[in-house]
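Asks: Turn this into a model:
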Amino acid sequence: MAGSTEIKIKGNDKKNAQKGGGLRNNLIRLVTVPLIIMGIVVMIFSYYTGYNTVSKEVEGGLRNIASAALYEYEDIYDSEMRFVEHGNLTYELDETASAAASDTSYIDYLKEVTGSEVTLFYYDIRIITTITDDTGKRMNGTVVSKKVVDEVFGKVKPVFYDDIMVGSENFYVCYIPVMRDGKCIGMVAAGKPTSYVKKEILGSTLPIILIVLVMIFLASMLSTGEARRLAEAIAKEKNFLGQIADGNLRANLDADILKRDDELGEMGKFTVHVQRFIRDMIERDTLTKLYTRRIGEPRLRDTRQRFIDEGVQFQIVMGDIDHFKRFNDTYGHDCGDLVLQSVAGIFNRMMLGKGYAVRWGGEEFIICFENFTYEEAYEHLCAIREEIIHHIVEYKDEKLSITMTFGIVPGSDEDLDEIIKQADNLLYVGKEGGRDRIVRLEDYERLLKEANMTDPELEKKKKKENKTEAKSMAESKPKAETKPKAEAKPKAETKSRAESKPKAESKPKTESKPKTETKSKAKPKPKTEPKSYDSVFETAMNTPVVKNGSKKKTEPKEAHNEVGEDEKMTAMLAKMMGVSAEELTAESTGNEDNTKS
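Replies: Got it, this is the predicted structure:
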């Protein structure tokens with residue numbers, strides 16, 4: 001499921017890359033495109049604003065030039081002029097008119113000073129002009145377009161054009177009418193080439209355009225940088241969520257995101273909170289808040305691998321609560337829950353920064369000291385044991401004390417199952433030797449000798465108990481309802497053994513049962529067995545158990561010492577029946593012990 005999620009995420013990233021998509025590119029486009037559009041609009045607006053402004057200035061200037069020329073040459077219009085037509089809309093002035101129009105000094109001066117072409121018309125014929133043709137000859141005697149004549153003579157007021165073709169060039173031209181006796185008899189025109197005016201317009205608008213371009217560039221750089229940072233932050237959150245979806249509940253979110261004061265920072269903090277909640281829900285035992293066996297075992301393997309790769313020392317401890325069954329049987333399973341929580345609380349507090357603890361099964365725990373030498377781990381384990389001994393559990397009106405037995409072995413590059421087996425053996429002989437102690441590796445042979453056993457005999461005894469237990473559980477399935485008393489009998493026997501204080505050689509079987517539970521964990525049982533235990537458990541729990549002549553009430557449907565797994569229920573059943581529980585607890589993930597009774 002997680003793998004398919006990762007593939008889907010990577011596939012979507014690939015598609016986005018092929019399409020040129022992705023949040024970063026989209027954000028950049030979202031920011032820059034409007035800026036570019038706005039810049040284009042501003043530039044067009046600036047150009048046309050400048051165009052209109054310059055056009056009005058040019059128009060005003062040309063009108064003044066035309067008026068000045070009319071004022072200088074107004075006498076020409078006082079006499080009647082005659083023309084000789086040459087065809088092709090060209091005319092030649094007669095001698096009288098030619099003499100009057102021969103003085104061009106003033107309009108030449110105006111052209112030199114203002115750069116404007118000046119022309120005087122008699123009706124529509126040019127009589128004096130500064131405009132020359134391709135040969136350099138003045139264009140006297142040529143006519144203006146009919147459009148201009150009709151408009152000027154029709155409106156009898158100045159007219160301005162920005163696209164009049166004169167010769168082979170476009171001009172900006174202003175025409176003012178020449179009036180005599182209330183009648184328009186001619187025009188005076190002043191004009192400039194369109195190319196010149198456009199340069200003027202560009203010169204006035206270019207600074208505005210450049211400023212707009214610079215502002216767009218700066219705004220784009222700032223917004224693109226912010227968009228890039230925003231996209232990177234979102235991408236980091238996406239990657240973080242992707243790792244969680246892929247099952248990596250220990251992924252770390254970039255610290256820069258958590259420092260943000262905006263919505264992304266809040267989202268990041270919320271995501272981390274959800275990650276921790278999910279991690280605790282999956283990795284932590286509901287009752288004790290310690291790591292479950294399902295999570296603890298892979299972490300132990302990672303710790304061992306760190307020792308192999310980096311040389312980081314580690315020490316393994318197997319621990320078991322002494323006479324835990326008495327708390328359940330005497331005070332009820334709520335009391336057993338409280339005992340488990342008290343021990344786990346001490347582990348959580350005293351192992352902080354030193355390693356971690358795992359609820360391995362029922363009342364069994366594994367402690368792993370990281371980056372500790374064997375002696376340092378032993379000293380701290382002694383402190384933990386002392387803390388447990390002096391801790392008082394208050395349940396109703398009772399004040400109860402707890403003791404535990406531990407076996408501690410140094411971590412090595414041996415197989416993890418072998419290391420746990422060594423710790424399990426130490427715990428086993430410790431419980432055989434009287435409980436409430438820490439068994440070191442060097443104490444193993446001595447305690448074996450005190451128990452009148454050898455190492456092979458210990459292994460043989462464990463294997464024999466495993467076979468006996470398996471056979472007992474197989475036989476109990478069909479006969480569970482027909483032989484309730486037979487099942488209750490070992491129960492009473494087990495209790496009597498547990499209650500006896502002196503060390504006796506006849507007691508190792510009872511004492512060794514919890515120890516063997518851990519041993520057998522390295523050898524998982526078939527997954528089909530827990531199903532067969534359920535019917536035996538149900539039968540046993542509905543059968544009254546007689547202890548010391550009194551009837552012990554059972555509560556078949558009440559949940560206790562929550563574990564949440566069938567394997568732990570079968571372990572509890574085995575204890576209540578007085579048989580070995582090694583194989584049953586081996587399947588447990590450490591989430592619960594006495595879940596149902």
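Asks: pLDDT weak spots in the stretch 51-200 of the chain?
Replies: Along the stretch 51-200 of the chain, the parts satisfying pLDDT under 70 run over 87-89, 94-101.
Asks: how about the strands in it?
Replies: Read by DSSP state E, counting those that start in this stretch, the stretch 51-200 of the chain holds these strands, from start to end of the chain: 83-87, 90-93, 117-122, 125-129, 159-166, 169-180, 183-193.
Asks: quick one: contacts for the residue nearest to the spatial centre of the chain?
Replies: For the chain, the residue nearest the mean C-alpha position is E237 (1.0 Å; C-alpha atoms, centre = their mean). For E237, the set of contacting residues under the criterion of C-beta atoms under 8 Å, 6 or more residues apart in numbering consists of L253, I257, L264, M267, G268, T271. (C-beta placed from N, C-alpha, C; glycine too.)
Asks: before we move on, back to that, looking at the strands of the stretch 51-200 of the chain, which is nearest to M281?
Replies: Distances from M281 to each of the strands of the stretch 51-200 of the chain were compared using C-beta to C-beta; the minimum, 78.9 Å, belongs to strand 159-166.
Asks: What residues sit buried inside that closest one?
Replies: Residues of strand 159-166 classed as buried under the neighbour-count rule (16 or more other C-beta atoms under 10 Å) are V159, F160, Y161, D162, I164, V166.
Asks: and the second one, what is it in contact with?
Replies: When contacts are counted by C-beta under 8 Å, 6+ apart, F160 is found next to S55, E59, L62, R63, Y172, V173, C174, Y175.
Asks: and if we set it to 6 Å?
Replies: For F160, the set of contacting residues under the criterion of C-beta atoms under 6 Å, 6 or more residues apart in numbering consists of E59, C174.
Asks: got it, and the third one?
Replies: With contacts defined as C-beta under 6 Å, 6+ apart, Y161 is in contact with V173.
Asks: how much space between it and R63?
Replies: Y161 sits 12 Å away from R63, going by C-beta to C-beta, to the nearest Å.
Asks: Likewise for the fifth one?
Replies: With distances taken as C-beta to C-beta, I164 is found 15 Å from R63.
Asks: One more: T330?
Replies: As judged by C-beta to C-beta, T330 and R63 stand 118 Å apart.
Asks: which of the two has more neighbours?
Replies: Under the criterion of other C-beta atoms under 10 Å, the comparison of T330 against R63 puts R63 first, with 17 against 13.
Asks: chain center to the helix or strand containing D309, what's the gap?
Replies: Using DSSP states H and E, D309 sits in helix 293-310. From the chain centre to the centre of helix 293-310 is a distance of 28 Å (C-alpha atoms, centre = their mean, to the nearest Å).
Asks: Enumerate the positions of that helix that are buried.
Replies: By neighbour count, with 16+ other C-beta under 10 Å as the criterion, the buried positions of helix 293-310 are R293, R294, I295, G296, E297, L300, T303, R304, R306, F307.
Asks: Which other helices and strands does that helix contact?
Replies: Other helices and strands packing on helix 293-310, by 3 or more C-beta pairs under 6 Å, 6 or more residues apart in numbering; DSSP states H and E, are helix 416-432.
Asks: next structured bit after the helix it packs on?
Replies: From helix 416-432 onward toward the C-terminus, using DSSP H and E, the following helix or strand is strand 438-439.
Asks: what is the mean pLDDT for that next one?
Replies: Computed over strand 438-439, the mean pLDDT rounds to 94.
Asks: Phi and psi next, for L218.
Replies: Phi and psi for L218, reported as degrees, to the nearest 10, are phi -60, psi -40.
Asks: quick revisit: quick one, which of the contacts of E237 are buried?
Replies: Judged by 16+ other C-beta under 10 Å, buried ones among the contacts of E237: L253, I257, L264, G268, T271.
Asks: between those residues, which is nearest A245?
Replies: The shortest distance between A245 and any of those, using C-beta to C-beta, involves T271 and amounts to 11.6 Å.
Asks: Return the backbone torsion pair for that closest one.
Replies: Note on T271: its backbone torsions stand at phi -60, psi -40 [degrees, to the nearest 10].
Asks: can you check the one 10 residues further on too?
Replies: As for M281, its main-chain torsions (degrees, to the nearest 10) stand at phi -60, psi -40.
Asks: Just the pLDDT at it, thanks.
Replies: 81.
Asks: who's in contact with it?
Replies: The neighbourhood of M281, defined by C-beta under 6 Å, 6+ apart, contains no residues.
Asks: The stretch 201-350 of the chain: helices as residue ranges?
Replies: Counting by DSSP state H, counting those that start in this stretch, the stretch 201-350 of the chain has these helices, from start to end: 255-259, 263-283, 293-310, 324-331, 333-350.
Asks: Of all those, which one is nearest E72?
Replies: helix 263-283 (75.9 Å).
Asks: send the alpha carbons of the helix holding D309 over as PDB?
Replies: Output of helix 293-310 as PDB, limited to C-alpha atoms (Å, rounded to 0.1, in the frame of the first residue of the first chain):
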ATOM      1  CA  ARG A 293       7.500  -6.000  20.200                       C
ATOM      2  CA  ARG A 294       6.500  -5.500  16.600                       C
ATOM      3  CA  ILE A 295       8.500  -2.200  16.600                       C
ATOM      4  CA  GLY A 296      11.100  -3.100  19.200                       C
ATOM      5  CA  GLU A 297      12.500  -6.100  17.400                       C
ATOM      6  CA  PRO A 298      13.300  -4.200  14.200                       C
ATOM      7  CA  ARG A 299      14.800  -1.400  16.300                       C
ATOM      8  CA  LEU A 300      17.000  -3.900  18.100                       C
ATOM      9  CA  ARG A 301      18.200  -5.100  14.800                       C
ATOM     10  CA  ASP A 302      19.000  -1.600  13.700                       C
ATOM     11  CA  THR A 303      20.900  -1.000  17.000                       C
ATOM     12  CA  ARG A 304      22.900  -4.200  16.300                       C
ATOM     13  CA  GLN A 305      23.700  -3.000  12.800                       C
ATOM     14  CA  ARG A 306      24.900   0.300  14.100                       C
ATOM     15  CA  PHE A 307      27.300  -1.600  16.300                       C
ATOM     16  CA  ILE A 308      28.600  -3.500  13.300                       C
ATOM     17  CA  ASP A 309      28.800  -0.500  11.000                       C
ATOM     18  CA  GLU A 310      29.900   2.300  13.400                       C
END
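Asks: what's the average pLDDT for it?
Replies: Averaged across helix 293-310, the pLDDT comes to 93.
Asks: got the angle between it and helix 416-432?
Replies: Our comparison of helix 293-310 with helix 416-432, counting by axes from the mean of the first three to the mean of the last three C-alpha atoms, to 10 degrees, yields an angle of 120 degrees.
Asks: Quick check: closest non-adjacent residue to E376.
Replies: F369 (7.4 Å; C-beta to C-beta, 6 or more residues apart in numbering).
Asks: Helix or strand: which one has the one you found?
Replies: In this assignment (DSSP H and E), F369 forms part of strand 364-370.
Asks: next one: C382
Replies: C382 belongs to helix 374-390 when assigned by DSSP H and E.
Asks: packing partners for that helix?
Replies: Contacting helix 374-390 under the criterion 3+ C-beta pairs under 6 Å, 6+ apart are the following elements: strand 314-321, helix 333-350, strand 404-410.
Asks: K192: which of these is closest?
Replies: helix 333-350 (92.3 Å).
Asks: which other helices and strands contact that closest one?
Replies: For helix 333-350, where contacts count as 3+ C-beta pairs under 6 Å, 6+ apart, the packed elements are helix 324-331, helix 374-390, strand 392-395.
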